[in-house]
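Colleague: just a sequence and a predicted model for now, questions to come.
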Amino acid sequence: MTTKRRARDHVTAYRSRMKTRGLRQVNLWLPDTRAPEFKKECRRQSLVVAGAERGEPIDELLNRAARTVEGWT
């Protein structure tokens, strides 16, 4: 039996055990916190929040920010 086959069988058995326990597999895509763009975007958003009027309700600020994100529903 090849190493790949043993590994695949192990993974299949593991997934089967987890399903038996009532769990399901979920794959997530998360922002890459190591990417230079991530750091730039964090900085940009921090400056937006820091520059917001103090009297402005936080809900309105968050709603405006959410409208700037493409593809979010």
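Modeller: Looks like it arrived, so ask away. What you are looking at is a predicted structure, and each value in this text was computed from that prediction instead of being measured.

Colleague: mind checking pLDDT for Thr73?
Modeller: Residue-level confidence at Thr73 comes out at 55, pLDDT.

Colleague: ok, now Arg24?
Modeller: Arg24 carries a pLDDT value of 95.

Colleague: next one: phi and psi at it?
Modeller: phi -130, psi 150 (degrees, to the nearest 10).

Colleague: centre-most residue in the protein?
Modeller: Leu30 (3.0 Å; C-alpha atoms, centre = their mean).

Colleague: got any ranges where this structure has weak pLDDT?
Modeller: 1, 53-56, 71-73 (pLDDT under 70).

Colleague: quick one, helices of it?
Modeller: 3-20, 36-51, 58-67 (DSSP state H).

Colleague: tell me what the second one is packed against?
Modeller: The reference is to helix 36-51. Using 3 or more C-beta pairs under 8 Å, 6 or more residues apart in numbering; DSSP states H and E, the elements in contact with helix 36-51 are helix 58-67. Yep, even glycine has a C-beta here, placed from its N, CA and C like the rest.

Colleague: now do Arg44 against Arg21, distance only.
Modeller: In this view, Arg44 and Arg21 are 43 Å apart by C-beta to C-beta, to the nearest Å.

Colleague: ah, wrong one, I meant Val49
Modeller: For Val49, the distance to Arg21 - C-beta to C-beta - is 42 Å.

Colleague: next: Ile58.
Modeller: In terms of C-beta to C-beta, Ile58 sits 40 Å off from Arg21.

Colleague: show me how far stretch 37-55 is from its chain's centre.
Modeller: 19 Å (C-alpha atoms, centre = their mean, to the nearest Å).

Colleague: got a list of contacts for that stretch?
Modeller: 31-32, 61, 65 (C-beta atoms under 8 Å, 6 or more residues apart in numbering).

Colleague: ok, stretch 2-15 next?
Modeller: Gln25.

Colleague: again, but for stretch 64-73
Modeller: Stretch 64-73 is contacted by residues 45, 48 when judged by C-beta under 8 Å, 6+ apart.

Colleague: 10 Å instead?
Modeller: Residues from elsewhere that reach stretch 64-73 (C-beta atoms under 10 Å, 6 or more residues apart in numbering): 45, 48-49, 52, 56.
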